[in-house]
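Undergrad: Sequence and computational prediction follow.
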Amino acid sequence: MIEVRELTKRYGDKTVVDRLDFTARPGAVTGFLGPNGAGKSTTMRMIIGLSSPTSGSVTVNGRRYVEHAAPLRQIGALLEARSVHPGRSAFDHLMAQAHTHGIPRRRVHEVIELAGLRDVAKKRVGAFSLGMGQRLGIAAALLGDPQVVMLDEPVNGLDPEGVLWVRNLLRTLADQGRTVLLSSHLMSETAQIADHLVVIGRGKLLADTTVDELVARAGGNGVRVLTSEPARLRDLLAGPGVAVTGSPGSEALHVTGADARRIGSTAADNGITLYELAPQNVSLEQAFMDLTRDAVEYQSAADTLRSIA
């Protein structure tokens, strides 16, 4: 488990992480999201002791990272896949880490096999592609067979087969009862794998929720209906869990809590003509953009034009 409590990091007058508070729990993949400059990397560095908090605390399995005798056995992290001596082979890199934590040689062979690096294990890391470097970074994160795994952009540079491998790996780790913290800019991947979301912007917590709840907050997966009898259809659909909205005088309705089949059947049973019946799906990316719009530190000209359109 990762527990972040009132975590704050300042560099001079700039507050990078501002009283951040969240928990990544065992048995779940927690997506850690935020725009560039939101403070994600700084937070992850504080989790594994690479940076010290200005105030607040962060613990891994109940202790600060530096208090663990063999931290690699507690939390495995991938923050920068290319931070490996380019002259070493993948095997030698993993063996060097294993020696410092009393991890047996057989475990090195296991993670090499798991990451699909058997054929290149003796090659110099400096000749690795970006995708192969990512696989090595993930192998290193899993070396200590930790109960907590924290990965920053793990599918960066991977081909479709590699992306599927990472997705299945994270699901397996969570199903084994481990804590998985995943930081990614790929919303489609995050939507498929994350059980829970922590979203930050400008160092502050913006959301601590699930994918479905965040999407629902952004408008949800509703249905657009166009009919000449909107008031009558609204009354017929009204009930627990169903929300129907529309502008006065408009033939258009937006319905949540009832799918297109139910709406169509209700209209047909009551002789109401429908001109349009279209599911409206809000993606995680759309919900994320809506949530973080005011927290984007680096905004492009196109984004600025869209915001004032």
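TA: Here it is on my side, so go on.

Undergrad: Once you drop chain neighbours, what's closest to Ala243?
TA: Take Ala243 and drop its neighbours on the chain: the residue closest to it by C-beta to C-beta, 6 or more residues apart in numbering is Thr256, 4.8 Å away. (Each C-beta comes from the backbone N, C-alpha and C, glycine too.)

Undergrad: Verify the stated contact: the one you found with Gly222.
TA: Yes: using C-beta atoms under 8 Å, Thr256 is in contact with Gly222, at 4.0 Å.

Undergrad: what about the strands in the stretch 51-200 of the chain?
TA: Here the stretch 51-200 of the chain has its strands, by DSSP state E, counting those that start in this stretch, at 55-60, 75-78, 148-152, 179-183, 196-201.

Undergrad: so how far is Phe288 from the residue with the largest distance to the centre of the chain?
TA: Largest separation from the mean C-alpha position in the chain: Gly271, at 45.8 Å (C-alpha atoms, centre = their mean). Separation of Gly271 from Phe288 (C-beta to C-beta, to the nearest Å): 42 Å.

Undergrad: So for Met132, which of the strands of the stretch 51-200 of the chain sits nearest?
TA: Met132 sits nearest to strand 75-78 of all these, at 13.6 Å, using C-beta to C-beta.

Undergrad: which neighbours does that closest one have in its sheet, and in what orientation?
TA: Using DSSP bridges, strand 75-78 pairs in its sheet with strand 148-152 (parallel).

Undergrad: quick one: Ala115 from Gln134, how far?
TA: Separation of Ala115 from Gln134 (C-beta to C-beta) stands at 9 Å.

Undergrad: swap that for Pro248, please
TA: 54 Å.

Undergrad: Which of these two has more residues huddled nearby?
TA: Applying other C-beta atoms under 10 Å to Pro248 and Gln134 shows that Gln134 carries more neighbours, namely 24 against 6.

Undergrad: Going by neighbour count, list what's buried in the longest helix anywhere in the chain.
TA: Secondary structure of the chain read by DSSP state H shows that its longest helix is helix 160-175. By 16 or more other C-beta atoms under 10 Å, the buried positions in helix 160-175 come out as 162-163, 165-167, 169-170, 173-174.

Undergrad: Stretch 87-99 too?
TA: 89-94, 97-98.

Undergrad: quick one: average confidence on that stretch?
TA: Stretch 87-99 shows a mean pLDDT of 94.

Undergrad: Output that stretch as PDB, nothing but the C-alphas.
TA: Only the C-alpha atoms of stretch 87-99 are listed here, as PDB (Å, rounded to 0.1, in the frame of the first residue of the first chain):
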ATOM      1  CA  GLY A  87      28.000  -0.700 -21.400                       C
ATOM      2  CA  ARG A  88      26.400  -3.300 -19.300                       C
ATOM      3  CA  SER A  89      24.300  -6.200 -20.500                       C
ATOM      4  CA  ALA A  90      20.700  -6.600 -19.400                       C
ATOM      5  CA  PHE A  91      21.700  -9.600 -17.300                       C
ATOM      6  CA  ASP A  92      24.600  -7.800 -15.600                       C
ATOM      7  CA  HIS A  93      22.400  -4.800 -14.800                       C
ATOM      8  CA  LEU A  94      19.900  -7.000 -13.100                       C
ATOM      9  CA  MET A  95      22.500  -9.100 -11.300                       C
ATOM     10  CA  ALA A  96      24.100  -5.900  -9.900                       C
ATOM     11  CA  GLN A  97      20.700  -4.900  -8.400                       C
ATOM     12  CA  ALA A  98      20.100  -8.400  -7.200                       C
ATOM     13  CA  HIS A  99      23.400  -8.600  -5.300                       C
END
